[in-house]
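1. Sequence and predicted structure are below.
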Number of protein chains: 2
Amino acid sequence: MKLYSYWRSTAAYRVRIALNLKGIDHETVPVDLVKDGGQQHAPDYVAKNPAHLVPSLELPDGTVLTQSLAIIDYLDALVPEPTLLVTDPVKRAKELAIAHTIAMDIHPVNNLRVVQHLSAEFGAAADAKAEWMRHWMKIGFDALSALLEPNKPFAAGENPSLADICIVAQMYNAHRWGLDLAPYARLLEIEDGCLALKPFADARPEAQPDAA
Amino acid sequence: MKLYSYWRSTAAYRVRIALNLKGIDHETVPVDLVKDGGQQHAPDYVAKNPAHLVPSLELPDGTVLTQSLAIIDYLDALVPEPTLLVTDPVKRAKELAIAHTIAMDIHPVNNLRVVQHLSAEFGAAADAKAEWMRHWMKIGFDALSALLEPNKPFAAGENPSLADICIVAQMYNAHRWGLDLAPYARLLEIEDGCLALKPFADARPEAQPDAA
């Protein structure tokens, strides 16, 4: 299968981790979100991903899946081990809540196109854009901290789950935009624990073929 | 169980529809997002929902679940019929992609707190805020239109799914903020078909005890 990815996209980063955890052979096709006014807007790519976003996963039969968490749900069904969500319904909902606090409350509001629109409509300068990023990360991380399982190696228990995948990817953005991480020792600990594992380390933005 | 809900919250609306589709008895506890500076910020509520958001679902044993799609995932496990997601992995990922296009690409960027922050930081007036709402809905609906199953009564097939739940709730906001819906005949058709069903109709904002 082919993963359409951009090295700095945290949504693509999530899928890269999941593919590695599952040991699924794939080809990475870079989509540069910045060059040429954004290659995600090229007609050939929009035919695959009508939202003009990365990631997209193209299956061998040509089917294209979009939306990072929907793609990961598919990968988890395709290759069940290691499982990315527990089966107990309450624990599973709690793992999903951690993942969704990042994927729904933080990441969409910090998306490239949102900060581009802030500049275009409200004249937000570089400083104001960085402040916007940190504002939503801080609010989200404060909520997140209350949802993490204490005294466990990973966010929701003994093994890396979808929750850890979303955390590790979001932490990349937190470092990138200079969020003060002193109040989030547990998140840093989870990040360290995950990045010590090859499937996570190999998925890092800096390890991608299109890293600049 | 108790659903902490605000009549106009489209995330709470999603959970109300799911509870009704599953026929699950519940009590609705209103959380007024506007009155008293926002009751979602009250310490008693934040102890349940550290993200200061609705909805929250409190189970009989006191466990509180947060994040609308995580809650719905739990309800789907608790009461499997009618199922809200198909089991075929590819079809399931496509249903999720429709749901996530709304829940991740549109709704978070249009959240009350985001437009409040736009006013506070960039002086956005009422007009600019409404324009912001419509901008992200239009982009999202354009993407969404390409993901819908054609020639089916519902968004992804013969029965209402999580995709329809998210669409119906988002359509409420589209009407509320005056998005031009002429280009989205299929979405209007799905909305009409769903709202003709009692579980959807009973979940409408206007039908809630706290509707103003």
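-> Received the coordinates, thanks.
2. Now look at the helix ranked longest in chain A and say if it contacts chain B.
-> Counting residues, the longest helix in chain A under DSSP state H turns out to be helix A:126-147. Yes - against chain B, helix A:126-147 shows contacts by CB under 8 Å from any CB of the partner chain at A:128, A:131-132, A:135, A:139-140, A:142-143, A:145-147. Glycine gets a C-beta too; all of them are placed from N, C-alpha and C.
3. Going by contacts, tell me the helices and strands next to the lowest-mean-pLDDT helix or strand in chain A.
-> Least confident helix or strand, chain A: helix A:112-122 with a mean of 94, by mean pLDDT, DSSP states H and E. Judged by 3 or more CB pairs under 8 Å, 6 or more residues apart in numbering or on different chains; DSSP states H and E, helix A:112-122 is in contact with helix A:126-147, helix B:112-122, helix B:126-147.
4. coming back round to it: following the chain onward from the longest helix of chain A, which element is next?
-> From helix A:126-147 onward toward the C-terminus, using DSSP states H and E, the following helix or strand is helix A:162-176.
5. Assess the claim that residue A:69 and residue A:102 are in contact.
-> No - because the distance of 10.1 Å does not satisfy CB atoms under 8 Å, residue A:69 is recorded as not touching residue A:102.
6. separation between residue A:206 and residue A:176?
-> Computed as CB to CB, to the nearest Å, the residue A:206 to residue A:176 distance reads 11 Å.
7. Show me the domain layout of chain A.
-> When chain A is parsed with automatic domain parsing, its domains come out as A:2-82+A:201-207, A:89-197.
8. Compare those and give me the one nearest residue B:48.
-> Of all the domains of chain A, it is domain A:89-197 that lies closest to residue B:48, at 10.2 Å by CB to CB.
9. Could I get the contacting residues of residue A:13?
-> For residue A:13, the contacting residues are A:168-169, A:172, A:203-205, by CB atoms under 8 Å, 6 or more residues apart in numbering or on different chains.
10. how about 7 Å then?
-> With CB atoms under 7 Å, 6 or more residues apart in numbering or on different chains as the criterion, the residues that contact residue A:13 are A:169, A:172, A:203, A:205.
11. who wins for most neighbours among the residues you listed?
-> residue A:169 (28 neighbours; other CB atoms under 10 Å in any protein chain shown).
12. If you drop the residues flanking it in sequence, what lies closest to residue A:106?
-> Across the structure, with CB to CB, 6 or more residues apart in numbering or on different chains as the measure, the residue nearest residue A:106 apart from its sequence neighbours is residue A:140 (3.7 Å).
13. Oh, that last question was meant for residue A:86, not what I typed.
-> Using CB to CB, 6+ apart, the closest residue to residue A:86 is residue A:92 (5.3 Å).
14. three-state assignment of the one you found?
-> helix (DSSP: H, G, I helix; E, B strand; the rest coil).
15. Compute the distance between residue A:175 and residue B:137, please.
-> Noted for residue A:175: a distance of 32 Å to residue B:137, by CB to CB.
16. Settle it for me: which of the two has more neighbours?
-> For residue A:175 and residue B:137, the more surrounded residue by other CB under 10 Å is residue B:137, and the numbers stand at 26 against 11.
17. thinking again about what came up before, could you redo the contacts of residue A:13 as TSV and give each row pLDDT and distance to residue A:29?
-> Formatted as TSV, the entries for the contacts of residue A:13 read as follows, by pLDDT from 0 to 100; distance: CB to CB, whole Å:
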residue	pLDDT	distance to residue A:29
A:169	98	19
A:172	98	21
A:203	98	15
A:205	98	16
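18. pretty sure residue A:7 is in contact with residue A:209, am I right?
-> No - using CB atoms under 7 Å, residue A:7 is not in contact with residue A:209; the gap is 8.1 Å.
19. The two: who's more crowded?
-> The neighbour count for residue A:7 versus residue A:209, taken as other CB under 10 Å, is higher for residue A:7 (20 against 9).
20. Tally up the residues packed near the residue nearest to that one when sequence neighbours are not counted, please.
-> Using CB to CB, 6+ apart and skipping residues adjacent in sequence, the residue nearest residue A:7 is residue A:208, 3.9 Å away. Residue A:208 has 20 neighbours, counted by other CB under 10 Å.
21. Relative to chain B, how far out is residue A:208?
-> Shown here: residue A:208 relative to chain B, a distance of 22 Å by CB to the nearest CB, to the nearest Å.
22. Now do that residue, the pLDDT please.
-> As summarised for this prediction, residue A:208 has a pLDDT of 97.
23. repeat for the one 4 residues further on
-> As predicted, residue A:212 sits at a pLDDT of 90.
24. so who does the nearest residue to it once chain neighbours are set aside touch?
-> Nearest in space to residue A:212, with sequence neighbours left out and distances taken as CB to CB, 6+ apart, is residue A:7 at 7.5 Å. Residue A:7 makes contact with A:205, A:208, A:210-211 under the criterion CB under 7 Å, 6+ apart.
25. Doesn't residue A:7 lie inside a strand?
-> No - note on residue A:7: no strand contains this position according to three-state DSSP, which reports coil.
26. My guess is residue A:124 contacts residue A:118. True?
-> Yes - using CB under 7 Å, residue A:124 and residue A:118 qualify as a contacting pair, with a distance of 4.1 Å.
27. Give the residues shared as contacts by the two.
-> With contacts taken as CB under 7 Å, 6+ apart, the residues that reach both residue A:124 and residue A:118 are residue A:132.
28. what helix or strand is residue A:65 on?
-> Using DSSP H and E, the element containing residue A:65 is strand A:64-66.
29. go on, residue A:190?
-> Secondary structure from DSSP H and E places residue A:190 in helix A:185-195.
30. so what secondary structure elements neighbour that helix?
-> Here helix A:185-195 is seen to pack against helix A:162-176 when contacts are counted using 3 or more CB pairs under 7 Å, 6 or more residues apart in numbering or on different chains; DSSP states H and E.
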